[in-house]
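Engineer: what's the 3D shape of this:
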Amino acid sequence: MSSSAAPATPSLPQPGTGRAARRGAHGALVQRVGLVAAVRLTAAAGPVRFAVDLVTEAPRPGRVSTGGERLRLVWIGQRRIPGIEAGRWLRVEGFLSEHDDLPTVFNPRYELLAGAPHDPRP
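Structural biologist: Okay, here's the model as predicted:
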């Protein structure tokens, strides 16, 4: 016997979530190329983790913010990762989650990139 019901569609992220969450559902595998905009340090007495904010578009000259999406990357058990610093371009891959209302990838795979591989500016 066949059923005429349409196949279930995956649930969509709730309105108001970050841009990255809208581009991939919670738990989805995401791949991004972006610029490390900020390195977040934790206190020595706090949990051992290394976190950075990745943006998919570099700020234009004279501007502070970007027009791209922002993604938080967190490595559990690391206080620092050589080569990952503000201004560095990365290619990352990992599973999307939401932490503190920010699209976050924990323990992503990463590749250090030289320069701005997809910078559209002339």
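
Engineer: where does the chain dip in pLDDT?
Structural biologist: For the chain, the stretches with pLDDT under 70 are 1-24, 62-67, 116-122.

Engineer: tell me the contacts of residue 53?
Structural biologist: 36-38, 40, 70-73 (Cβ atoms under 8 Å, 6 or more residues apart in numbering). From N, CA and C alone the C-beta is placed, and that goes for glycine too.

Engineer: correction: residue 113
Structural biologist: Applying Cβ under 8 Å, 6+ apart to residue 113 gives the contacts 33, 88-91.

Engineer: Tell me the bridge partners for it.
Structural biologist: Beta-bridge pairing for residue 113 (DSSP bridges): residue 89.

Engineer: what about residue 105, which helix or strand?
Structural biologist: Assigned by DSSP states H and E, residue 105 belongs to strand 102-106.

Engineer: by contact count, what packs against that strand?
Structural biologist: Packing contacts for strand 102-106, counted by 3 or more Cβ pairs under 8 Å, 6 or more residues apart in numbering; DSSP states H and E, involve helix 19-22, strand 70-76, strand 89-99.

Engineer: Listing partners with orientation, what would you give for it?
Structural biologist: According to DSSP bridges, strand 102-106 forms sheet pairs with strand 70-76 (parallel), strand 89-99 (antiparallel).

Engineer: Next, format the ones you listed as a markdown table and append mean neighbour count and distance to residue 111.
Structural biologist: Shown next, in a markdown table, are those (neighbours: other Cβ atoms under 10 Å; distance: least, Cβ to Cβ, whole Å):
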| stretch | mean neighbour count | distance to residue 111 |
| --- | --- | --- |
| strand 70-76 | 20 | 13 |
| strand 89-99 | 17 | 4 |
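
Engineer: Save the contacts of residue 113 as CSV, and put in distance to residue 61 too.
Structural biologist: Putting the contacts of residue 113 into CSV (distance: Cβ to Cβ, whole Å) gives the following:
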residue, distance to residue 61
33, 21
88, 19
89, 17
90, 22
91, 24
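
Engineer: Residue 99: which of those is nearest?
Structural biologist: Distance to residue 99, by Cβ to Cβ, is smallest for residue 90 among these, at 18.8 Å.
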